[in-house]
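> structure, please.
(one chain, ligands or ions: 2)
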Amino acid sequence: MHTFIENMPKAELHVHLEGTLEPELSFELAQRNHVDIPYKTAEEMLTAYDFYDLPSFLTIYYAAMSVLQQEEDFYQLTWNYLSKAASQHIIYAELFFDPQAHTSRGVDFSTVITGIHKAQEAAKKELGIDSKLIMCFLRELSAESAMEHLKLAKPYLDWLVGVGLDSNEKDNPPIKFTEVFQAARAMGLKLTMHCDVNQDNTLTHIHQCLHDIEVDRIDHGVNSLEDDNLCQTIAEKGIGLTVCPVSNRFVVQSLTSDEIRTMLKRGMRATINSDDPAYFRAYLNENFIELQQEGNFTRTEIATLAANAFHVAWIGKAEKNHYLKELQRYLDTAA
Ligand code: ADE
Ligand code: ZN
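Numbering: from 1, shown residues only. Ligands and ions are numbered 1, 2, ... in the order given. Next up, the predicted model:
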């Protein structure tokens, strides 16, 4: 089963580039940019990764970003993730980035997006992995700040496929950003928002995503299972749910394998993703492998989860068919 998962052609749709910052790269960039970090070794840094909910994770996540300053830093971050992804037989990825976490530290928007974009181009050419970029807004910041960043992105519209909403969900509901997301849609961008597991008012947030914002996907969205109407809407509209099993485990002490199986049974398009793999110490293959073990998933269930990611990816029909055929070829021949 390990080899079957490892070699399977996959897509990843929920990975934060800043969440792929490995301790080793942090040290390298800290030295290059003359930034002090409060750890002596990568191992010491890993022992400080002590999170148990969303806020405790976000504190560590934002503090670590201080080393990301130059265009080449964002290039290296993105290149490293895409290299790792290609080595895990990920053939297509949609990447989140958090520009406000960098502009707020004095790093230009253009520096961030140019570094990322150049690495995406290089990885496509040299590694054969295709990827698209999703700009996330930090939901604890104002809607005005989000709108300003949407305006900053206008010259780079061709480099973006969609917008997302992440960070601290408490008291920051989807409808805070109705206008920004409407504007993004008018610009031709796809829409997704985080509804992290077990947040306050989570069912209201999921309802707002579906009925007020009219998102194309929901990131996480596991709690939707508590409401039959939400499940029905998600299934009927074919809304993708980008579930992150190892990330969930930090909050609910389970890989949510029962919930993921229920989603499949109810015709909801669940997909498997890594979220912040450098922090949660699990890239996509490890997420699939651990999930399969916890839930004793069959090959057919694993293949359905992988196929779902191509179905709900923000790509054209021809590309989708191409990837799905590649997956089917693999399934037909896998021993
Ligand atoms: N930013 C990075 N990872 C996140 C997550 N899992 N939830 C919300 N915001 C995030
Ligand atoms: Zn996330």
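
> roughly how far out does the one helix or strand Asn285 maps to sit from the chain middle?
Following DSSP states H and E, one finds Asn285 within helix 284-295. Once both centres are worked out by CA atoms, centre = their mean, to the nearest Å, helix 284-295 turns out to sit 17 Å from its chain's centre.

> which parts of the stretch 51-200 of the chain sit against ligand 1?
Proximity of the stretch 51-200 of the chain to ligand 1 (CB under 6 Å from any ligand atom) is limited to residues Leu54, Tyr61, Asp166, Ser167, His194, Asp196. Any C-beta I mention is one placed from the backbone N, CA and C, and that applies to glycine too.

> format those residues as a markdown table; extra columns: secondary structure, neighbour count and pLDDT.
Listed next are these as a markdown table, based on DSSP: H, G, I helix; E, B strand; the rest coil; neighbours: other CB atoms under 10 Å; pLDDT from 0 to 100:
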| residue | secondary structure | neighbour count | pLDDT |
| --- | --- | --- | --- |
| Leu54 | helix | 22 | 91 |
| Tyr61 | helix | 22 | 95 |
| Asp166 | strand | 24 | 98 |
| Ser167 | coil | 22 | 98 |
| His194 | strand | 25 | 98 |
| Asp196 | coil | 25 | 97 |
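
> closest one of the residues you listed to ligand 1?
If you rank these by distance to ligand 1 using CB to the nearest ligand atom, Asp166 comes first, at 3.5 Å.

> thinking again about what came up before, name the helices or strands packed onto the very next helix or strand once past the helix holding Asn285?
Later in the chain than helix 284-295, the nearest helix or strand by DSSP H and E is helix 299-311. For helix 299-311, the elements it packs on are helix 2-7, strand 10-16, strand 240-243, helix 257-265, strand 269-272, helix 284-295, helix 317-333, judged by 3 or more CB pairs under 8 Å, 6 or more residues apart in numbering; DSSP states H and E.

> for ligand 1, find the nearest of those.
Among these, strand 10-16 sits nearest to ligand 1 (CB to the nearest ligand atom), with 4.2 Å.

> quick check: mean pLDDT of that closest one?
In this model, strand 10-16 has a mean pLDDT of 98.

> quick one: buried residues of that strand?
Lys10, Ala11, Glu12, Leu13, His14, Val15, His16 (16 or more other CB atoms under 10 Å).

> report the beta-bridge partner residues of the second one.
Judged by DSSP bridges, the bridge partners of Ala11 are Tyr92.

> for it, give me its contacts.
Listed by CB atoms under 8 Å, 6 or more residues apart in numbering, the contact partners of Ala11 are Ile90, Ile91, Tyr92, Ala93, Glu94, Thr271, Ala306, Ala309, Phe310, Ala313, Tyr323.

> related to what we said a few turns ago, angle of the helix holding Asn285 against helix 299-311?
140 degrees (axes from the mean of the first three to the mean of the last three CA atoms, to 10 degrees).

> list of residues touching helix 284-295?
Applying CB under 8 Å, 6+ apart, the external contacts of helix 284-295 come out as 1-2, 5-6, 10, 12, 15, 85, 88-90, 244-246, 254-255, 257-258, 260-261, 272-274, 277, 282, 297, 302, 305.

> could you give the angle of that helix to helix 257-265?
100 degrees.

> from start to finish, how long is stretch 294-303 in a straight line?
Start-to-end span of stretch 294-303 (CA to CA, to the nearest Å) is 16 Å.

> that should have said stretch 277-296, apologies.
23 Å.

> flag every buried residue along stretch 124-135.
Buried residues in stretch 124-135 (16+ other CB under 10 Å): Ile129, Asp130, Ser131, Lys132, Leu133, Ile134, Met135.

> quick check: which element contains the fourth one?
In this case it means Lys132. With DSSP H and E as the criterion, the answer for Lys132 is strand 130-138.

> give me the residues contacting that strand.
By CB under 8 Å, 6+ apart, strand 130-138 touches 16, 82, 91-101, 113, 116-117, 120, 123-124, 145-146, 149-150, 153, 159-168, 177, 180, 190, 192, 314-315.

> that one: how far from the chain's middle?
With CA atoms, centre = their mean, you get 8 Å for strand 130-138.

> for stretch 37-45, same thing?
With CA atoms, centre = their mean, you get 26 Å for stretch 37-45.

> end-to-end on it?
End-to-end for stretch 37-45, by CA to CA: 9 Å.

> try stretch 244-262
15 Å.

> list the buried residues for it?
244-251, 255-257, 259-261.

> what's the spacing between Leu225 and Leu157?
36 Å (CB to CB, to the nearest Å).

> which of the two has more residues huddled nearby?
Taking other CB atoms under 10 Å, Leu225 and Leu157 do not tie; Leu225 has more neighbours (19 against 11).

> wait, that one touches Arg261, no?
No: if you go by CB atoms under 8 Å, Leu225 and Arg261 don't touch, sitting 10.6 Å apart.

> tell me the secondary structure for Ile218?
strand (DSSP: H, G, I helix; E, B strand; the rest coil).

> mind checking how far it is from Phe181?
Distance from Ile218 to Phe181, by CB to CB: 13 Å.

> mutual contacts of the two, please.
Shared contacts of Ile218 and Phe181, counting by CB under 8 Å, 6+ apart, come down to Met193.

> ok so, going back, mind checking which of the helices and strands packed on helix 299-311 is nearest Pro38?
Smallest distance to Pro38 across the helices and strands packed on helix 299-311 (CB to CB): 22.1 Å, for strand 10-16.
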